[in-house]
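1. quick one, fold the following:
(2 chains)
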Amino acid sequence: MSTTTIPEKPVAQAPTIGGNVRGYLERVRGGDMGALPAVFGLVVLCTAFAILRPVFLSSINFANLLTQGAAISVIAMGLVFVLLLGEIDLSAGFTSGVCAAVLAVTLTNNGQPWYIAVVAAIVTGVVIGASLGVLVAKLGIPSFVVTLAAFLAFQGLLLILVNEGTNIAIRDQTIIAIENKNLPPTLGWALYIGCVAIYAAVQIVRSGRRARRGLVADPATVIAFRVGLIAVLGGLAVYALNLERSRNALLVSLKGVPIVVPIVLALLILWTFVLRRTAFGRHVYAVGGNAEAARRAGISVDRIRISAFVICSGMASVGGIIAASQASSVDPNTGGSDVLLFAVGAAVIGGTSLFGGKGRVLDAILGGAVVAVINNGMGLMGYSASVKYIVTGSVLLLAAGVDALSRKRAAASGLR
Amino acid sequence: MSPQPVLEIRGLDKSFGPVQVLHDVAFSAFAGEVTALVGDNGAGKSTLVKCLGGIHSIDAGEYIFDGKPVHVASPREAAELGIEIVYQDLALCDNLDIVQNMFLGREKKSGLVLDEATMEEMAAKTLDGLSVRTVKSIRQLVSSLSGGQRQTVAIAKAVLWNSKVVILDEPTAALGVAQTAQVLELVRRLADNGLSVILISHNLNDVFAVSDRIAALYLGRMAAQVKTADVTHSQVVELITSGRSGELGLKNANGVTA
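-> Next comes the predicted model:
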């Protein structure tokens, strides 16, 4: 029990670099690992694959990694909202498939322009999410059952949409460009500089404002470290992606940041903002932490639940659009087989708790990166699909184990 | 002390179906005082408090707040009058920090964005006003707090909104000796700051330590409401267990056997 009496006003401790680091270590030891296992896993996996198969580090493979992981990461970002409430959406994979099929039918069979098809796909996702949410929140059916039923039903719906198993090709250049075209190198750099500058500005302005009001603000060194880290990692990534990736550069030049990367980044920033800076996001955490307390505080718990399912299915539809772009077609397997499990795995591996109340949108990206690296690296090593499935399954189990153990540990140390 | 009670109940009846839980209860709470509500299990303490907080409707009787008759139909209306209840289970979110919990459901915003700076300032001011010095940082997660600290946060949350009456349901029930002392000190300070505090407790030591008045319920009737200074420990025990103690309490004819 930390009832240590300190004479000062009960504001946050004066922040120092040492203090920040110590606080972080204390949290980790206390069982709040956050994204640490995912980052650690990424480093280990990347090092291992880089040593065993040097081609893993090539610029073309890096670009492949990003495009392969994009759809799953986007679906996982949506799943984070549902997981934060302690619920689950098992139908997210086939929701993305159904939305991709709606996109393909609108584009190819009905000949509509791409923007109408995209809107149709996203509206489909939102409607699906709203129905799931109402069934869970208003009727009180466990989300596991509702979404398991939806998982089966959407599989059938997808078959109907693609006429019992045909493959609908997508020829619209805008949709295909999402996964298969790149930004011009200069635009990539401009975007990079813009992002780092805005991030730095936001951090500095916020810290300055808090300091002026006499509140605890992050010290300049910590801000410099954060901005520096983002600048270095982002710079390396943009540099690598701007290298020539084509085998025969004279015939076709292939370089630049894949178009899907800024799309995923924009979604990451949007949902991180919603979760961390708006009352809605705060209420999502509150409902996940203690639904009864949230209800007594006057929060409409049902409304939050339904919104989370709408966001999840809406993001699944975006994931479906990306998957359709990647394959340039939609078939009965789009969003099927391992997509959902990889997406849930991505969120959990990234550090989102299956018990609710803990998690970030960034977790989905980090976890998605782990899943993509395993898939990609094992493929380069020449392992078959069977081994990939077993390894990914083991990693998911490991991540869920870490989550459960850290909860136990946190309970023992009074952190939860 | 103050001539007019902040909150007054007269002739309150409350039944659940055929069971009458409260009979003709009168109760008043004064600003700047701690009024202890005591009674055995099933005496009607919780029901009375829920009637005050607008969770239960009242069947008959007058509810007077600040000298004006009012009708409190929901917890929200009670909160608008300035009545806050801190329940025994505290209703805090473990995964949020102290500031986030204190403002839960009533967040300050500038536009769409949460105004964290203002919330942090207000929370710090409130905790400071209660002379709370036991928390390291107001950005600590509630999960890392001890029982007494949680109770403190729950009370501070109730005080934050310029409330006039704070009702505490067994605030020391789950606490150790040192933490109980801390919370009782806080309860006393609330009253000294001019609030009216209603303290439900089973622990007579606590009651005698902080309260100005004692209201004893016996089988759904108000046995007596007396000044703490005028009664002894054993008299209160008698009031709780048999509804009367010498001159005090219910008259036999008036249905102690109800």
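2. what are the structural domain limits within chain A?
-> A:59-181+A:277-397, A:182-257 (automatic domain parsing).
3. most tightly packed of those?
-> Stretch with highest mean neighbour count among the domains of chain A: domain A:59-181+A:277-397 (a mean of 22; mean count of other Cβ atoms under 10 Å in any protein chain shown). Just so you know, the C-beta spots here come from the backbone N, C-alpha and C atoms, and that holds for glycine as well.
4. report whether that domain contacts chain B.
-> Yes: if you take Cβ under 8 Å from any Cβ of the partner chain as the test, domain A:59-181+A:277-397 does meet chain B, through A:277-279, A:282-283, A:285-286, A:288-290, A:292-294, A:296-299, A:357-358.
5. now the domains of chain A as a markdown table including mean pLDDT?
-> Putting these into a markdown table (pLDDT from 0 to 100) gives the following:
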| stretch | mean pLDDT |
| --- | --- |
| domain A:59-181+A:277-397 | 91 |
| domain A:182-257 | 88 |
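6. can I get these in a markdown table with distance to B:S74?
-> Below are the domains of chain A laid out as a markdown table (distance: least, Cβ to Cβ, whole Å):
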| stretch | distance to B:S74 |
| --- | --- |
| domain A:59-181+A:277-397 | 10 |
| domain A:182-257 | 36 |
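7. and the helices in chain B?
-> B:45-52, B:75-81, B:98-102, B:116-129, B:147-159, B:177-192, B:204-210, B:233-242 (DSSP state H).
8. need the winner for burial among the ones you listed.
-> helix B:98-102 (a mean of 26).
9. mind saving the C-alpha coords of that helix as CSV?
-> The C-alpha coordinates for helix B:98-102 follow below in CSV (Å, rounded to 0.1, in the frame of the first residue of the first chain):
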residue,chain,number,x,y,z
ILE,B,98,-7.8,9.3,-11.1
VAL,B,99,-8.7,12.4,-13.2
GLN,B,100,-10.4,10.2,-15.8
ASN,B,101,-12.5,8.6,-13.1
MET,B,102,-13.4,11.8,-11.4
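10. what's the mean pLDDT across it?
-> Taken as a whole, helix B:98-102 carries a mean pLDDT of 92.
11. is any residue of that helix near chain A?
-> Yes: applying Cβ under 8 Å from any Cβ, one finds helix B:98-102 touching chain A at B:Q100.
12. identify the residues contacting that helix?
-> Identification of contacts with helix B:98-102 by Cβ atoms under 8 Å, 6 or more residues apart in numbering or on different chains yields A:282, A:285-286, B:92-93, B:116, B:119-120, B:123, B:126, B:135, B:138-140, B:142, B:145, B:153, B:156-157, B:160.
13. between the domains of chain A, which one is closest to B:L190.
-> Closest to B:L190 of those, according to Cβ to Cβ: domain A:59-181+A:277-397, at 20.4 Å.
14. so for chain A, the centremost residue is which one?
-> Nearest to the mean C-alpha position of chain A, by Cα atoms, centre = their mean, lies A:A364 at 2.9 Å.
15. how about the contacts made by that residue?
-> A:S73, A:A76, A:M77, A:L79, A:V80, A:A346, A:A347, A:G350, A:T352.
16. contact partners for B:Q4?
-> Taking Cβ under 8 Å, 6+ apart, one finds B:G67 in contact with B:Q4.
17. format the helices of chain B as CSV; extra columns: distance to B:H23.
-> Output for the helices of chain B, formatted as CSV (distance: least, Cβ to Cβ, whole Å):
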stretch, distance to B:H23
helix B:45-52, 11
helix B:75-81, 23
helix B:98-102, 38
helix B:116-129, 39
helix B:147-159, 29
helix B:177-192, 29
helix B:204-210, 23
helix B:233-242, 16
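18. quick one: which of those is nearest A:L405?
-> Closest to A:L405 of these is helix B:147-159 (Cβ to Cβ; 25.0 Å).
19. is chain A contacted by the closest one?
-> Yes: judged by Cβ under 8 Å from any Cβ, helix B:147-159 and chain A are in contact via B:G148, B:Q149.
20. pull out the CA atoms of that helix and give them to me as PDB.
-> What follows is helix B:147-159, C-alpha atoms only, in PDB (Å, rounded to 0.1, in the frame of the first residue of the first chain):
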ATOM      1  CA  GLY B 147      -8.600   0.700  -0.700                       C
ATOM      2  CA  GLY B 148      -8.500   3.900   1.300                       C
ATOM      3  CA  GLN B 149      -7.200   5.900  -1.700                       C
ATOM      4  CA  ARG B 150     -10.000   4.500  -3.900                       C
ATOM      5  CA  GLN B 151     -12.500   5.600  -1.300                       C
ATOM      6  CA  THR B 152     -10.800   9.000  -1.300                       C
ATOM      7  CA  VAL B 153     -11.100   9.200  -5.100                       C
ATOM      8  CA  ALA B 154     -14.800   8.200  -5.000                       C
ATOM      9  CA  ILE B 155     -15.500  10.900  -2.400                       C
ATOM     10  CA  ALA B 156     -13.600  13.500  -4.300                       C
ATOM     11  CA  LYS B 157     -15.500  12.600  -7.400                       C
ATOM     12  CA  ALA B 158     -18.800  13.200  -5.500                       C
ATOM     13  CA  VAL B 159     -17.500  16.600  -4.200                       C
END
